[in-house]
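Student: For reference, the sequence and a predicted model appear below.
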Amino acid sequence: MAKAVRVHQVGGPEALIYESIDLPPPGVGEVHIRQHAVGLNFIDVYYRTGLYKAPSLPFVAGNEAAGEVVAVGPGVTDFHPGDRVAYYANLGGYATERNIAADKLVKLPDHITYEQGAVLMLKGLTVWYLLHKTFKIEPGHRVLIHAAAGGIGLIACQWANALGANVIGTVGSKAKAELALANGCDHVILYNEENFVERVKQISRNELCDVVYDGVGKTTFPGSLSCLKPRGLFVSFGNASGPVPPFALAELNNHGSLFATRPKLNDYVAKRADLIEGADTLFAAVISGKLHVPINHAYALKDAAQAHIDLESRKTTGASILKP
Ligand SMILES: NC(=O)c1ccc[n+]([C@@H]2O[C@H](COP(=O)([O-])OP(=O)(O)OC[C@H]3O[C@@H](n4cnc5c(N)ncnc54)[C@H](OP(=O)(O)O)[C@@H]3O)[C@@H](O)[C@H]2O)c1
């Protein structure tokens, strides 16, 4: 029988309940997959706590995974039993098996493992669009990446470095600083101990950054704005420390005609052609060795609550997976 980790009432990690679920045959346009690896993401925490609203209760947590096609529903022609696949989709990911719309799936190339696939579809695709679409990084750009040793962070630092940027990362500990430096950061700031704005000024000789990627939110705002050169771009893409508070648009003027955006992956892969472009670019970067996918923690699916505790208490680095 299929098992899943469901949330019946939003709340703390104890809200994640591992239990049996009924799984009907795949419907029209759906594929039934047996999952081999599930990605752990901070977004899973937002849904669990209710910061992001799930459409209904109970819901199966989780937003990315990889596995093998077991059966296909009526109308599905592109996927067949035995295909190795991965996906990003809102909710439904923390499960041993599931049904999912075929148009969310991509096929995994032979050289990409299930574990890699399970952490590339949300984290990797996010880094892809942030560095190529939200702002197109080019050689010589100076970028600031907060939480540089995190799941998104380590992939973003490597890729920004490979694109020729000068990469400044912020991290919460010395051990994380070493990791960030080994994964493409040119400079690392311990933002719990040092004033990161002053350090960015010092590192850049007051030239500041072309773009700031901020998934930390509340605690790094408004400092992130002060790290940008005139007409730079503030990319607020997450809230690990809490949401960015409302602010006056005039702040962007005060800091030098800045641009600001609050993007999300859904809007960058809504068209199937965009999803395929992103996945192809990402897989090619991994297969060529340009990107290494650091999977530093693995938990049994039934231990999802412990995984959330570790993620929220900043104990994890790089990507983490749950094993069904
Ligand atoms: N908009 C999008 O499309 C999109 C898609 C995916 C993810 N995201 C966002 O990307 C960010 C990173 O996600 P992730 O899954 O890769 O997580 P992660 O970076 O692995 O974990 C979050 C990190 O944030 C830092 N942090 C700073 N203040 C924190 C606090 N008060 N509580 C907990 N952590 C804190 C910690 O690193 P230090 O100890 O080094 O400070 C922690 O390790 C999240 O904000 C997530 O929502 C956005």
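Tutor: Okay, I see it.
Student: List the beta-bridge partners for the nearest residue to Y191 once chain neighbours are set aside.
Tutor: Nearest residue to Y191 in three dimensions, chain neighbours excluded: T170, at 4.1 Å (Cβ to Cβ, 6 or more residues apart in numbering). C-beta coordinates here come from the backbone N, C-alpha and C atoms, glycine included. Counting by DSSP bridges, T170 is bridged to I189.
Student: So which residues on the stretch 51-200 of the chain come close to the ligand?
Tutor: By Cβ under 6 Å from any ligand atom, the residues of the stretch 51-200 of the chain that approach the ligand are 122-123, 126, 147, 149-153, 171-172, 176.
Student: can you put those in JSON lines and add secondary structure and pLDDT?
Tutor: Putting those into JSON lines (DSSP: H, G, I helix; E, B strand; the rest coil; pLDDT from 0 to 100) gives the following:
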{"residue": "L122", "secondary structure": "helix", "pLDDT": "98"}
{"residue": "K123", "secondary structure": "helix", "pLDDT": "98"}
{"residue": "T126", "secondary structure": "helix", "pLDDT": "98"}
{"residue": "A147", "secondary structure": "coil", "pLDDT": "98"}
{"residue": "A149", "secondary structure": "coil", "pLDDT": "98"}
{"residue": "G150", "secondary structure": "coil", "pLDDT": "98"}
{"residue": "G151", "secondary structure": "helix", "pLDDT": "98"}
{"residue": "I152", "secondary structure": "helix", "pLDDT": "98"}
{"residue": "G153", "secondary structure": "helix", "pLDDT": "98"}
{"residue": "V171", "secondary structure": "strand", "pLDDT": "98"}
{"residue": "G172", "secondary structure": "coil", "pLDDT": "98"}
{"residue": "K176", "secondary structure": "helix", "pLDDT": "98"}
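Student: ok so, going back, hmm, the residue nearest to Y191 is touching A149, no?
Tutor: No - between T170 and A149 there is no contact under Cβ atoms under 8 Å: 9.3 Å.
Student: What's the end-to-end length of stretch 288-297?
Tutor: 24 Å (Cα to Cα, to the nearest Å).
Student: Buried residues in it, which are they?
Tutor: 291-295, 297 (16 or more other Cβ atoms under 10 Å).
Student: what's the average pLDDT for it?
Tutor: Mean pLDDT, stretch 288-297: 96.
Student: ok, the residue nearest to Y191 - contacts?
Tutor: By Cβ atoms under 8 Å, 6 or more residues apart in numbering, the residues touching T170 are 144-148, 188-191, 196, 216, 220.
Student: change it to 6 Å
Tutor: 146, 189, 191, 196 (Cβ atoms under 6 Å, 6 or more residues apart in numbering).
Student: Report the contact partners of the second one.
Tutor: Read it as I189. With contact set as Cβ under 6 Å, 6+ apart, I189 has these partners: 170, 196, 199.
Student: okay, now the domains of this protein?
Tutor: For the chain, automatic domain parsing gives the domain ranges 3-122+269-323, 139-262.
Student: Make JSON lines out of those and add distance to H132.
Tutor: Formatted as JSON lines, the domains of the chain follow (distance: least, Cβ to Cβ, whole Å):
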{"stretch": "domain 3-122+269-323", "distance to H132": "7"}
{"stretch": "domain 139-262", "distance to H132": "8"}
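Student: can you redo the buried residues of stretch 288-297 as a markdown table with secondary structure?
Tutor: Below are the buried residues of stretch 288-297 laid out as a markdown table (DSSP: H, G, I helix; E, B strand; the rest coil):
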| residue | secondary structure |
| --- | --- |
| L291 | coil |
| H292 | coil |
| V293 | coil |
| P294 | coil |
| I295 | strand |
| H297 | strand |
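Student: Among those, which pair sits farthest apart?
Tutor: Distance extremes for these: the farthest pair is L291 and H297 at 18.8 Å, using Cβ to Cβ.
Student: Kindly reformat the contacts of I189 as JSON lines containing pLDDT.
Tutor: Below are the contacts of I189 laid out as JSON lines (pLDDT from 0 to 100):
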{"residue": "T170", "pLDDT": "98"}
{"residue": "F196", "pLDDT": "98"}
{"residue": "R199", "pLDDT": "98"}
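Student: Nearest to the ligand among those?
Tutor: T170 (6.9 Å; Cβ to the nearest ligand atom).
Student: What is the neighbour count of the nearest residue to A118 once chain neighbours are set aside?
Tutor: Of all residues not flanking A118 in the chain, A37 sits nearest, at 3.7 Å (Cβ to Cβ, 6+ apart). Here the number of neighbours of A37 (other Cβ atoms under 10 Å) works out to 23.
Student: helix, strand or coil for A37?
Tutor: strand.
Student: Tell me who's in contact with it.
Tutor: When contacts are counted by Cβ under 6 Å, 6+ apart, A37 touches 66, 114-115, 118, 321.
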